[in-house]
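[1] what's the 3D shape of this:
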Amino acid sequence: MLKQTPAVLWRRSLRKLLTPIARGVDIDLAKFPPHRFDAIAIYGSPSFVQFVAAALQELKIAYGYGYRLVQRYLQAIVENDRDLEGVLHGVRYDKETAEGTPPLSTKRYAALLVREAITQRLVSKLRDSKTPRTLLFVLKKELDAMQLLQGESKYFHPQQNRILRLERELSKSTDR
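    Sure, this is the predicted structure:
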């Protein structure tokens, strides 16, 4: 599954994708060798690449629909040392850490990737991803992914509280 691809091909395709959207952000893709997990390019240190690959493998096994969303809407996952974090037009950026992996478990990271993919899907369909109703939908899908991945229970409670707060907020606004 995880294989190293020719650096020139991935660097060119990713630069072609990034050029119109991130002219001011000069990402040094030559810093790390490119790797691929199915259709997703992974740029980062060896520990980061293994962490992301493990998260994607767990997602593929436990939640096929979520994995297909991630494949479709996230083209690359890049570890960087700049002040850039989140998703920018299908490319997920994560900050470098001392350990080389994000401070999450692989299951939680996989659920986060599902959330990012759903948000990208909404944005690509020109829907506002910041409205409370849309945020509620995205958070529920992320919670579904966390449950299917059988993630740690410490992540469930804050997520469920956030969903309940949003539901209350929405019910108050519709009652008026």
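
[2] downstream neighbour of the host helix or strand of residue 67 in the secondary structure list?
    Taking DSSP states H and E as the criterion, residue 67 maps to helix 64-73. Proceeding N to C from helix 64-73, the next assigned helix or strand is strand 76-80, under DSSP H and E.

[3] Can I get that following strand as PDB, trimmed to CA atoms?
    C-alpha atoms of strand 76-80 as PDB (Å, rounded to 0.1, in the frame of the first residue of the first chain):
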ATOM      1  CA  ALA A  76      -2.000  15.400   0.000                       C
ATOM      2  CA  ILE A  77      -1.000  15.600   3.700                       C
ATOM      3  CA  VAL A  78       2.100  17.700   4.300                       C
ATOM      4  CA  GLU A  79       4.100  18.100   7.500                       C
ATOM      5  CA  ASN A  80       5.600  21.600   7.600                       C
END
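
[4] Can you spell out which helices and strands pack onto that strand?
    Judged by 3 or more Cβ pairs under 8 Å, 6 or more residues apart in numbering; DSSP states H and E, the packing partners of strand 76-80 are strand 40-43, strand 91-95. From N, CA and C alone the C-beta is placed, and that goes for glycine too.

[5] And that strand, what's buried?
    Residues of strand 76-80 classed as buried by neighbour count (16 or more other Cβ atoms under 10 Å): 76, 77, 78, 79, 80.

[6] In space, what's closest to the last one - neighbours in sequence excluded?
    So that's residue 80. Take residue 80 and drop its neighbours on the chain: the residue closest to it by Cβ to Cβ, 6 or more residues apart in numbering is residue 93, 5.6 Å away.

[7] What of residue 76?
    Using Cβ to Cβ, 6+ apart and skipping residues adjacent in sequence, the residue nearest residue 76 is residue 41, 4.1 Å away.

[8] In this structure the one you found contacts residue 32, no?
    No. Using Cβ atoms under 8 Å, residue 41 makes no contact with residue 32, being 10.7 Å away.

[9] Neighbour count for the two, which is higher?
    residue 41 (22 against 18; other Cβ atoms under 10 Å).

[10] Residue 109 versus the more buried one, what's the distance?
    17 Å (Cβ to Cβ, to the nearest Å).

[11] now residue 156
    In terms of Cβ to Cβ, residue 156 sits 15 Å off from residue 109.
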